[in-house]
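K.L.:
sequence-free structure coming up:
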């Protein structure tokens with residue numbers, strides 16, 4: 001649809017020697033006397049103050065252009081910058097009055113440059129007046145589209161997410177992992193379900209968030225690995241305290257909390273439900289220089305994740321959760337599904353598969369190292385060797401985990417035979433004090449197997465403080481995760497560039 005014509009002509013274009021132009025006002029194109037009017041400006045336009053101009057900042061212009069869009073101020077600025085646009089003010093001088101109509105809008109930088117080259121400007125930010133008109137797009141039905149506000153209202157966060165991805169080094173991340181949905185009511189209901197009745201279904205929760213995106217004003221984050229912790233001690237020996245992250249009824253929270261697991265305090269990114277917490281243990285920021293977070297802690301610098309952030313989950317994961325939850329379907333167990341734990345190896349819930357990683361990153365080289373997976377990393381380049389305390393300790397914990405997961409908690413002598421043969425000489429030679437407990441555990445293990453051909457792993461771990469071995473791996477795990485961060489970044493860039 002063509003709107004009101006501004007009927008304005010630039011002063012510099014009209015002050016030529018062509019007498020035919022002298023019969024029209026150089027501003028409003030109203031007829032004037034060709035010889036008596038020596039200024040080329042009609043009486044009404046003489047009353048206008050064309051040179052009055054109030055400057056506005058980028059932030060002010062953006063806010064005015066996107067007024068009513070349901071963006072907050074930070075989102076308005078982010079949207080404008082990510083779309084490579086700038087705010088512009090349009091002033092229409094009406095022909096038959098001295099009034100004017102003005103509004104602000106966004107114009108792409110490329111279009112702004114085009115206009116500045118082809119329309120005379122008085123200075124670097126203000127043009128002269130010119131003759132022109134305004135047009136709007138027409139829908140297929142022939143009616144004018146008035147749904148712009150509603151589109152922005154419903155999809156403003158999705159729009160910002162799309163623009164963030166396009167402006168990053170991984171512009172295809174949403175196209176390859178999507179489509180995405182916001183959490184609907186049915187999904188929230190499942191996340192707030194009391195799993196004490198069906199604890200086996202807790203393994204489905206981390207799967208929902210594999211590849212999910214957390215989007216806040218200054219940050220968009222892809223979840224690569226996460227693990228669930230229940231709030232009830234009778235379901236999860238590693239139960240989370242309830243003084244934080246509990247959402248309002250029927251809702252889900254997402255925020256950063258400062259917590260300690262017996263060591264120094266770290267920032268943890270946690271999604272909270274009524275009965276559970278989901279700890280994000282691996283994630284990557286969508287940006288020109290993607291920052292990777294591997295391990296239980298995060299460091300967003302000046303950026304932050306607020307409780308008003310948005311969570312987008314992959315449609316395929318959402319559908320899978322609903323179908324499997326309704327059918328009570330579980331998933332196959334693997335060592336990679338174990339959480340990053342260093343205590344309570346004598347309890348069954350320690351071995352529950354309550355962790356999930358995005359398929360492309362579900363390998364030991366691209367997921368956070370744990371006490372049971374450290375030994376599966378290459379023996380060089382990750383901070384330990386094949387005869388190191390870290391490697392041998394992790395291998396023993398992995399053998400125990402395999403027995404619990406696949407062999408109903410039973411481990412036999414022949415399943416430990418290779419372990420004993422590989423490390424017998426090393427364990428005899430090692431005299432440093434930090435090896436004492438591992439040597440003691442291996443000796444105790446051999447003694448028990450001499451009495452019987454098999455032992456119950458949970459009972460053995462309860463009688464012997466296996467946690468001492470696992471806690472000694474913290475330094476090796478931190479070193480390995482630092483190197484894994486580089487693997488994750490390289491793979492993320494190669495997959496979604």
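P.N.:
Looks like it came in fine. Worth saying up front: this structure is predicted, and the values here are computed from it rather than measured.
K.L.:
Which secondary structure element is home to residue 215?
P.N.:
In the assignment (DSSP states H and E), residue 215 maps to strand 213-216.
K.L.:
What are the contacting residues of that strand?
P.N.:
By CB atoms under 8 Å, 6 or more residues apart in numbering, the surrounding residues in contact with strand 213-216 are 157, 160-161, 164, 174, 180, 220-223, 254, 269, 283, 286, 303-306, 308-312. Bear in mind the C-beta positions are built from the backbone N, C-alpha and C, glycine included.
K.L.:
which among the residues you listed end up buried?
P.N.:
Among the contacts of strand 213-216, the ones that count as buried by 16 or more other CB atoms under 10 Å are 157, 160-161, 164, 174, 180, 220-223, 254, 269, 283, 286, 305, 309-312.
K.L.:
out of those, which are inside strands?
P.N.:
The members of the buried ones among the contacts of strand 213-216 that map onto strands under DSSP state E are 180, 220-223, 254, 269, 283, 310-312.
K.L.:
Now render these as a markdown table, adding distance to residue 66 and pLDDT.
P.N.:
Output for those, formatted as a markdown table (distance: CB to CB, whole Å; pLDDT from 0 to 100):
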| residue | distance to residue 66 | pLDDT |
| --- | --- | --- |
| 180 | 23 | 93 |
| 220 | 19 | 91 |
| 221 | 24 | 95 |
| 222 | 27 | 97 |
| 223 | 29 | 98 |
| 254 | 25 | 92 |
| 269 | 29 | 93 |
| 283 | 29 | 97 |
| 310 | 18 | 90 |
| 311 | 24 | 94 |
| 312 | 22 | 95 |
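K.L.:
Rebuild the residues you listed as TSV, extending it with distance to residue 396.
P.N.:
As requested, these are exported to TSV (distance: CB to CB, whole Å):
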residue	distance to residue 396
180	42
220	41
221	35
222	34
223	31
254	37
269	31
283	30
310	43
311	38
312	41
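K.L.:
and which of those residues is nearest residue 467?
P.N.:
Within these, proximity to residue 467 (CB to CB) peaks at residue 269, which comes in at 25.4 Å.
K.L.:
Quick one: residues contacting the closest one.
P.N.:
Contacts of residue 269 by CB under 8 Å, 6+ apart are 214, 254-256, 279-280, 283, 293, 298, 305.
K.L.:
now do residue 331
P.N.:
Residue 331 neighbours (CB under 8 Å, 6+ apart): 203-204, 207, 324, 353.
K.L.:
Greatest separation within these: which pair is it?
P.N.:
Among these, 324 and 353 lie farthest apart (CB to CB), at 13.5 Å.
K.L.:
Look at the two and report which has more neighbours.
P.N.:
Neighbour count, other CB atoms under 10 Å: between residue 324 and residue 353, residue 353 has more, with 21 against 18.
K.L.:
Can you classify the more buried one as helix, strand or coil?
P.N.:
With DSSP: H, G, I helix; E, B strand; the rest coil as the basis, residue 353 sits in coil.
K.L.:
Disregarding flanking residues, what is the spatial nearest neighbour of it?
P.N.:
Nearest residue to residue 353, sequence neighbours excluded (CB to CB, 6 or more residues apart in numbering): residue 337, at 3.4 Å.
K.L.:
count of neighbours near the one you found?
P.N.:
Neighbour tally, residue 337, other CB under 10 Å: 21.
K.L.:
Quick check: buried residues in the longest helix seen in the chain?
P.N.:
Looking across the chain with DSSP state H, the single longest helix is helix 474-496. For helix 474-496, the neighbour count (16+ other CB under 10 Å) marks 476-477, 479-481, 483-485, 487-489, 491-492, 496 as buried.
K.L.:
ok, now which ones touch the nearest residue to residue 67 once chain neighbours are set aside?
P.N.:
Closest residue to residue 67 apart from its sequence neighbours, by CB to CB, 6+ apart: residue 104 at 7.9 Å. Applying CB under 8 Å, 6+ apart, we find residue 104 in contact with 61, 64-65, 67, 87-90.
K.L.:
What's the PyMOL line that selects buried ones from these?
P.N.:
Filtering the contacts of residue 104 down to the buried ones (16+ other CB under 10 Å) takes a single PyMOL command:
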select buried, resi 61+64+65+87+88+89
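K.L.:
Cross the contacts of residue 104 against strands and list the overlap.
P.N.:
87-90.
K.L.:
Not counting sequence-adjacent ones, nearest residue to residue 360?
P.N.:
residue 495 (6.0 Å).
K.L.:
Can you read off the pLDDT for that neighbour?
P.N.:
Here, the pLDDT recorded for residue 495 equals 97.
K.L.:
Check whether it really touches residue 361, as I assumed.
P.N.:
No. Residue 495 lies out of contact with residue 361 (CB atoms under 8 Å); the separation is 9.2 Å.
K.L.:
my read is residue 41 is in a helix, agree?
P.N.:
No. According to three-state DSSP, residue 41 belongs to no helix; its state is coil.
K.L.:
count of residues packed around it?
P.N.:
20.
K.L.:
With distance to residue 112 as new columns, can the contacts of residue 269 be given to me in TSV?
P.N.:
Below are these laid out as TSV (distance: CB to CB, whole Å):
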residue	distance to residue 112
214	33
254	37
255	39
256	38
279	46
280	40
283	36
293	37
298	38
305	34
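K.L.:
Just the element for residue 343, please.
P.N.:
Residue 343 belongs to no helix or strand, assigned by DSSP H and E.
K.L.:
Look up phi and psi at the closest residue to residue 216 other than its chain neighbours.
P.N.:
Of all residues not flanking residue 216 in the chain, residue 309 sits nearest, at 4.0 Å (CB to CB, 6+ apart). Dihedral pair for residue 309: phi -70, psi 170, per degrees, to the nearest 10.
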